[in-house]
Structure formats: structure tokens, C-alpha cells
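[1] Fold the following for me, if possible:
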Amino acid sequence: MNGIEANVIAKYGFSESNQKKNQNNNIEKICNPDNENDSKLDIASHPSNIQPKPIICQDLYWSSDGNSIVSISDNHVVTRYVIEQDKNGNSMLTLTDKLSRSGSIISSALIPNDNMCGILIGSKQLPIQLYSLDSDDTKVNNAANKPVPVYSYDTMNPQNEVYETPYSMSYESPNNFFVGSIRNSVSLFDINRREPIWNIRSDKIKCGGTKGAYKAIVSCFDESCGGINNQNYLRSKFFGTYKNEIYQFDTRVKRATMQLIQSSDSKGNGIYQLLKSENELYLYVVKRQCDHVMIYDSRHFGKPISKLNLGYKIKNQKMKGNMTSFNGLSIGNNNGEILNWERSLIESGGISRNCTGDNIDFATLSPTSVTNVRHNNHDSDLIEETRINLINQNPVYLDQTIVSYSPDKNFESHFTEDRSGICLIETP
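    Model prediction:
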């Protein structure tokens, strides 16, 4: 296993001062800020008797041109950053747009549209709302000082007239996105249409009569290695649930149906990420309360064919991986490192070329390489001994990757400085 040094070329911290600044504001738009310190890492000092809760990044997105980043954090803030150069030629993350909500953000999806930088936001007891992150397009209700959504999408159950919580979203094409909710409910929406095109949900018969299985929450949809531009021959989608189940449905038929293809009696808090290899033949399953990533053959579900050894146990704080055609599969750990399994291994499902037929043995695969994330100056900006929660490679400049870092959100400690944020790294 090879050790690699990756330089942090730009960094933005989630400081307590920024957190307090947003608590009493529903929206904040910052364009070319006069105070240069507002767009750089803000180190906050905390009294010794105060234990601030760290801000955790929930989602990270790249724009289609690879020049800006959008983050979703658990303090209900959506933030947009632009990569710029300072007068010395060094890269920096400049905060340009910030949108703060009064309620929690359950799920989100970025719209990679050339006409607008928009974000879909899913919350409890509300329809799904589409907001523009472009400064010129944002409209604010001056009376209430609240952002006005560009459009909204109905998730109300007509039987009880209650909005169903969108626990997961997946932007599938320039015009369509999927929404997952309770009772294994999946809806397909058109970006220009308020009502869903179709909705499917499982029942006891579709779940094989398993008690309570049909009440599961759709926790995630599969993430394709090629993003929404991947037009491979397999036009089916997978989704996972918090009951450790995997379902499949066909997106090519008008009246879609779902099929339970994998279930597990193992304990845990369920599946929260499904990653498909570039050839779409293998599905990589990430679960809570687990120390490995399980690999399944998407053509013949049943027993897993192999697994990736993480070397640590994922607890309740999600550690999301990233699948690309350039780097293979990458996921962070608790020590400020990125674990990577190279593309050739990922595209084969971890199966050796010498194994055929019944000779295929279950294998536990260690990382191909480990990348240490460090700052150029090797000083107090080191983010060692902290979690790398999210990883997302730049879709245009493949040597750039954005990661989020934080301490354990369930571990109480006296933080004397900001210990969570995002950073842009350059891998060799």
C-alpha cells in the first residue's frame, strides 16, 4: 500500500462566529465582500466553559464547469464558493452566496444547469423547494427576510394530506430527478412540473411478506460513476433503505415497478450510499455501524463477491465515498486520510483475472493507496486526527478534489479553534 502526500491548496473553515452570524438571518448573499477575512478561514476563540457543537457538512457538489462548489451543512446553511487566485497566485475559496433556512435540510440535489445554479432542498412538512444560488436571480421577501424558492414540488400524500419527508434525492438528467421517502416510496419529477410524473411504493407482497419491510425509508439512490451524462445500456436504478435492503426499478417503463433484490438480517442503521462502477456491473454498498464496503454483482445479486476493508468502523456520522473513472473509489477515515482503491480493481469488483467460475473466492481488499491530507505550511492548519467526511473530485480538473473535515459530532470536547470545514486538495 502506497502513502501519498496531498497538499491543501485552499481551505474554508466553519467557525462559530459564522454560525452565530447565520442564526438570526434567513438568507445572506455575499458578493465581492469588502472584508477579506469573511471569505477566508475564520478561527474562533471559545471560552473554556463552552463546548460548541461542530458544524458538519452533509453534502458537497461541484458545478459543471469545475469552478465553484456548493456545500450543505447541518446548521441549515447552503453555501457557494468560487475558486479564485490571490495576488500571489495562490488558490483560495471565496464565499459568494449563502442561503440559510430556519428548518433542517433532510436531503438535497444540485442542478447542473448552464442557465442557473440551483439547489433542490427537501425538508419535513414542506414541499421540495428549488432555490437559485445565482446572486442576480435570488429574490428575497424583504418583509420576512426570507429567500423565495424559484419553484416547488408537491410531495403530499393525497390519502392523508400530509407532506411526505424526502429522505433522499437523485438528479438523474437535465430534466428529471428522483425522490425517496417513507414506505419505500419513489417518485419521478420533471424539473418544470409540480406534480410527480409517477410514484411507486412497495407493499407486503412486493416485499415478500417480510413484516415491516414495506415501511422502510429510502435512504439513498445509486450514484453512477459517470454522473448524469452516463448513458450506458442499463437504464435501471437501485435504492437502499435503512433496513439494509436494496431495491431495483426500471426507468424506461411508464408504470415503473420495484423489485427487492437484496435484504440482510444484520444489525445496524442501514445503507446510506450505493456506488456503481463505471461499467455498471458492480455495486458498492456503504452502511452505518460497519467496517467495510460490500461489493455485489449487479447482474446476479445474492451473496457479496468481495469487500473493501476500511480499517475503522463507520458509526452514526456518515463517511461518504466518491467513485470516479480517474481515481476509482475513495473514502475518508478518522485520521485525516483518504483511502483509495484503484480503478482497475474497482471495475473488476475485486475479482482477480485468474479466477473463473466456481474458483472465485471471497476477498477482503485493503486500500491501494492512502493519501495524507496536509496543509502546505505544515503548521497549525494541519487537519490530522480529524474525520474526512465527504470527498468529491472536480469533474473538469481531475487533479483537484474537495473534501470536508470535522471532529466526531458525538464526541464532546473543548474546541479552542475551528475544527470543521472544507478544503481543496491537489493530488499528485
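
[2] Need phi/psi at the closest residue in space to Asn279 that isn't next to it in sequence.
    Distances taken as CB to CB, 6 or more residues apart in numbering put Glu347 closest to Asn279, at 5.7 Å, once the chain neighbours are dropped. For the C-beta atoms, the positions are set from N, CA and C on the backbone; glycine is no exception. Dihedral pair for Glu347: phi -70, psi -20, per degrees, to the nearest 10.

[3] ok, which stretches of the stretch 1-150 of the chain are strands?
    2-13, 27-29, 57-62, 68-73, 77-85, 91-100, 107-113, 116-122, 128-132, 140-141, 146-147 (DSSP state E, counting those that start in this stretch).

[4] what about stretch 166-182, distance to the chain center?
    With CA atoms, centre = their mean, to the nearest Å as the basis, stretch 166-182 stands 13 Å off its chain's centre.

[5] Ok, stretch 188-198 next?
    With CA atoms, centre = their mean, you get 23 Å for stretch 188-198.

[6] Mean confidence (pLDDT) on that stretch, please.
    Stretch 188-198 shows a mean pLDDT of 93.

[7] And stretch 221-234, by the same measure?
    65.

[8] about what we covered before: compare the strands of the stretch 1-150 of the chain and say which comes out lowest on pLDDT.
    strand 27-29 - the lowest mean pLDDT of those, at a mean of 40.

[9] Does the residue nearest to Asn279 touch Glu280 like I think?
    No - judged on CB atoms under 8 Å, Glu347 makes no contact with Glu280 at a distance of 10.2 Å.

[10] need the strands of the stretch 1-150 of the chain in TSV with mean neighbour count and distance to Glu172, can you?
    Converted to TSV, those look like this (neighbours: other CB atoms under 10 Å; distance: least, CB to CB, whole Å):
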stretch	mean neighbour count	distance to Glu172
strand 2-13	17	30
strand 27-29	18	28
strand 57-62	21	15
strand 68-73	22	18
strand 77-85	19	21
strand 91-100	21	24
strand 107-113	21	9
strand 116-122	22	12
strand 128-132	22	15
strand 140-141	13	30
strand 146-147	18	25
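
[11] Compare these and give me the one nearest Tyr284.
    Among the strands of the stretch 1-150 of the chain, the nearest to Tyr284 by CB to CB is strand 57-62 (18.6 Å).

[12] Give the pairing partners of the closest one; include direction for each.
    Take DSSP bridges as the rule and strand 57-62 pairs in its sheet with strand 68-73 (antiparallel).

[13] ok, and what's touching the partner strand?
    14, 55-63, 78-83, 93, 96, 105, 108, 110, 117, 119, 133, 402, 404, 422, 424 (CB atoms under 8 Å, 6 or more residues apart in numbering).

[14] I would like the C-alpha coordinates for that strand, written out in PDB, please.
    Only the C-alpha atoms of strand 68-73 are listed here, as PDB (Å, rounded to 0.1, in the frame of the first residue of the first chain):
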ATOM      1  CA  SER A  68     -17.400  26.600  -7.900                       C
ATOM      2  CA  ILE A  69     -18.500  24.400  -5.000                       C
ATOM      3  CA  VAL A  70     -21.800  24.100  -3.100                       C
ATOM      4  CA  SER A  71     -21.900  22.800   0.400                       C
ATOM      5  CA  ILE A  72     -24.800  21.800   2.600                       C
ATOM      6  CA  SER A  73     -24.200  21.900   6.400                       C
END
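
[15] Ala216 is in contact with Ser181, correct?
    No - Ser181 is beyond contact range of Ala216, at 10.5 Å (criterion: CB under 8 Å).

[16] what is the residue at minimal distance from the centre of the chain paired to in the beta sheet?
    Centroid-nearest residue in the chain, with CA atoms, centre = their mean: Asp59, separated by 4.2 Å. On the basis of DSSP bridges, Asp59 is bridged to Ile72.

[17] Also Gln85?
    Residues in a beta bridge with Gln85, per DSSP bridges, are Ser91.

[18] ok, so what distance separates it from Ser91?
    Using CB to CB, to the nearest Å, we find Gln85 at a distance of 6 Å from Ser91.

[19] Contacts for stretch 364-376 next, please.
    1-9, 11, 292, 306-309, 311, 328, 336-342, 345, 350, 381-384, 388, 403, 405, 423, 425, 427.

[20] With only the CA atoms kept, save it in CSV.
    Provided in CSV are the C-alpha atoms of stretch 364-376 (Å, rounded to 0.1, in the frame of the first residue of the first chain):
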residue,chain,number,x,y,z
THR,A,364,-11.2,-8.7,1.7
LEU,A,365,-9.3,-5.9,-0.1
SER,A,366,-7.1,-3.4,1.5
PRO,A,367,-6.7,0.1,0.1
THR,A,368,-4.4,0.5,-2.9
SER,A,369,-3.1,3.8,-1.5
VAL,A,370,-3.6,6.1,1.5
THR,A,371,-3.4,9.9,1.0
ASN,A,372,-2.4,12.1,3.9
VAL,A,373,-4.2,15.5,3.7
ARG,A,374,-1.9,18.2,4.9
HIS,A,375,-1.6,22.0,4.5
ASN,A,376,1.3,23.4,2.5
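
[21] ok so, going back, point out the one among the strands of the stretch 1-150 of the chain that comes closest to Lys315.
    strand 57-62 (16.0 Å).

[22] which residues sit against that closest one?
    For strand 57-62, contacts defined as CB under 8 Å, 6+ apart pick out 14, 68-74, 105, 108, 110, 389-390, 392-395, 402-404, 406, 420-422.

[23] where does the stretch 151-300 of the chain have low pLDDT?
    Counting by pLDDT under 70, the stretch 151-300 of the chain contains low-confidence residues at 203-214, 226-234, 253-256, 265-268.

[24] Fine by me, we can end here.
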